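Return a 3D structure for these sequence lines:
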Amino acid sequence: MTKTLDQQTQYETLKPVLNERQWRIYLGTEARKYGPGGIVQVAHVSGADRGTISRGIKDSLGPPLGRVRLPGGGRKKLVAMHPEIKDEVYKIIKKSGSPMKHITWTHLSIDKITAELRRRGYAITKTPVNRLLWQEKFSLRKNQKRVAQKEPS
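Presented below is the predicted three-dimensional model:
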């Protein structure tokens, strides 16, 4: 004797293991099974939006796509959200180098620059700071001790 899953349990079981596109296509095929009114019925039982189910129907009828999400999604770059952060970095670093050779460097480490930006209220990690310095053509240099050589007598 086998027990059958009710629809809601079936949706709850599949939702965590499918990606967004697979979930849409699954809901779309379920709605197509019911015919007219299937979108509303599946939306009611699954808790999904009717637009998601309609898009799932379109996805299930069309050719397979290579992407799960449309291009342009995701988190925006920190510099795009806070354009003033570049000026803040310039205020923190002690710029050195030769303007004639277009070589610039700083003796501060990425960690120190990041810590100072955090102290100033920015939620930032080392990676965007490093990326910003590379875009601005900075290199990191450490202090070097020079040994004075004696002149021959």
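
can you count the residues close to the residue nearest to residue 15 when sequence neighbours are not counted?
Closest residue in space to residue 15, ignoring its immediate chain neighbours: residue 23 at 6.3 Å, by CB to CB, 6 or more residues apart in numbering. C-betas here are computed from N, CA, C, even on glycine. Using other CB atoms under 10 Å, residue 23 has 20 neighbouring residues.

Let me know the helix or strand that residue 23 is in.
Assigned by DSSP states H and E, residue 23 falls within helix 20-34.

check contacts around residue 130.
Residue 130 makes contact with residue 110, according to CB atoms under 8 Å, 6 or more residues apart in numbering.

Quick check: the residue nearest to residue 15 touching residue 17?
No. Using CB atoms under 8 Å, residue 23 makes no contact with residue 17, being 9.3 Å away.

can you pull the contacts of the residue nearest to residue 15?
Residues in contact with residue 23 (CB under 8 Å, 6+ apart) are 14, 15, 48, 56.

Check this structure and tell me which residue is nearest its centre.
Centroid check for the chain by CA atoms, centre = their mean gives residue 75 as the closest residue, at 4.5 Å.

Distance check, that residue against residue 110.
According to CB to CB, to the nearest Å, residue 75 stands 21 Å off from residue 110.

Could you do residue 126 as well?
The spacing between residue 126 and residue 110, counted by CB to CB, is 5 Å.

Kindly report the same for residue 10.
50 Å.
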